[in-house]
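Undergrad: Predicted model follows, preceded by the sequence.
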Amino acid sequence: MNCGMNVGYCVELAKIVTLQHQTGSSQGAVYEVFFPSQGLRHYRQCKNGRDHDACNWLVPAESQQQFCNSCRLTEVAPDLSDTNNLNAWSGIEAAKRRLLYTLYQLKLPLSSRQEWPNEGVAFHFLRSANGEPVMTGHDEGVITLNIAEADSAFRENMREKMGEAYRTVLGHLRHEIGHYYWDRLIRNSSSLQPFRQLFGDDSQDYDQAVQHHYEQGAPANWAETCISAYATMHPWEDWAETWDAWWRRR
């Protein structure tokens, strides 16, 4: 605030760096970033940072990409000409960057669907319209989030209706990315049998499990075996809820 320097987050260094302006390009100003072992490298601001002041991650200057590692994972965004949508989307993107920061620290495999069509991840951030609700969830690598979750009043109302102790945008993203990593790390691996011993039989019908949960509720003694009432629905949900809770306690 005193020196007036621009700053940005450098993924390769995993730190916020000051940006020394060097030159300009068709894709924005190029900045020098000092690497202790490599000397100076050059970066540009993410296009969402330049256009919307909504991202502080940097893009290597030699890259043909205009968006940073995080923003490239967002395949669908709401109409950003609407100020309410822009503000909600900006907050959700900030939560996603925090999510990715931890994924990088854990050295978990992460790629976009453009890079890895069959195993990549993508985010769809949508607002309900014309009476059609947006359901937050995960489906074959696509994570969808209702951007109304960025509104604290809406989120608190839903938290009370659903009987949840914890509900945040980051929590949604962590839960859904947990489903994604179950697909990548557990489903077709030697870890599947140990998973079933701990969490239960994942082959049981998921739709029937969901219907039973919302009709009958969680077992009275759910706290003896699961991290939340929602986790009792199905082994996949038990995994995702446990994944999220583990992150919160790190």
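TA: Perfect, I can see it now. Numbering: from 1, shown residues only.
Undergrad: can we go C-alpha only for contacts and neighbour counts from here?
TA: OK.
Undergrad: Show me what the longest helix seen in the chain is packed against.
TA: The single longest helix within the chain, with elements called by DSSP state H, is helix 83-105. Under the contact criterion of 3 or more C-alpha pairs under 8 Å, 6 or more residues apart in numbering; DSSP states H and E, helix 83-105 touches helix 169-181.
Undergrad: what's next to the longest helix of the chain, contact-wise?
TA: The contact list for helix 83-105 (C-alpha atoms under 8 Å, 6 or more residues apart in numbering) reads 54-55, 70-71, 77-80, 110, 125, 147-148, 150-151, 169-170, 173-174.
Undergrad: in the protein, what secondary structure element scores lowest on mean pLDDT?
TA: Ranked by mean pLDDT, DSSP states H and E, the weakest helix or strand in the chain is strand 20-23, scoring a mean of 76.
Undergrad: Narrow the contacts of helix 83-105 to those that are buried.
TA: Buried members of the contacts of helix 83-105, counted by 16 or more other C-alpha atoms under 10 Å: 54-55, 70-71, 78, 110, 125, 147-148, 150, 169-170, 173-174.
Undergrad: if you look at those, which of them are in strands?
TA: In strands, judged by DSSP state E, the following of these are found: F125.
Undergrad: Can you lay out the buried ones among the contacts of helix 83-105 as a markdown table showing distance to I186 and pLDDT?
TA: Compiled in a markdown table, the buried ones among the contacts of helix 83-105 are given as follows (distance: C-alpha to C-alpha, whole Å; pLDDT from 0 to 100):
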| residue | distance to I186 | pLDDT |
| --- | --- | --- |
| A54 | 34 | 95 |
| C55 | 32 | 97 |
| S70 | 24 | 97 |
| C71 | 27 | 97 |
| P78 | 33 | 94 |
| L110 | 15 | 93 |
| F125 | 26 | 97 |
| I147 | 29 | 95 |
| A148 | 31 | 92 |
| A150 | 31 | 92 |
| V169 | 25 | 94 |
| L170 | 23 | 94 |
| L173 | 19 | 96 |
| R174 | 17 | 95 |
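Undergrad: how about a markdown table for the buried ones among the contacts of helix 83-105, with distance to G91 added?
TA: A markdown table is the format used below for the buried ones among the contacts of helix 83-105 (distance: C-alpha to C-alpha, whole Å):
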| residue | distance to G91 |
| --- | --- |
| A54 | 8 |
| C55 | 10 |
| S70 | 13 |
| C71 | 13 |
| P78 | 13 |
| L110 | 22 |
| F125 | 11 |
| I147 | 9 |
| A148 | 11 |
| A150 | 7 |
| V169 | 9 |
| L170 | 10 |
| L173 | 12 |
| R174 | 15 |
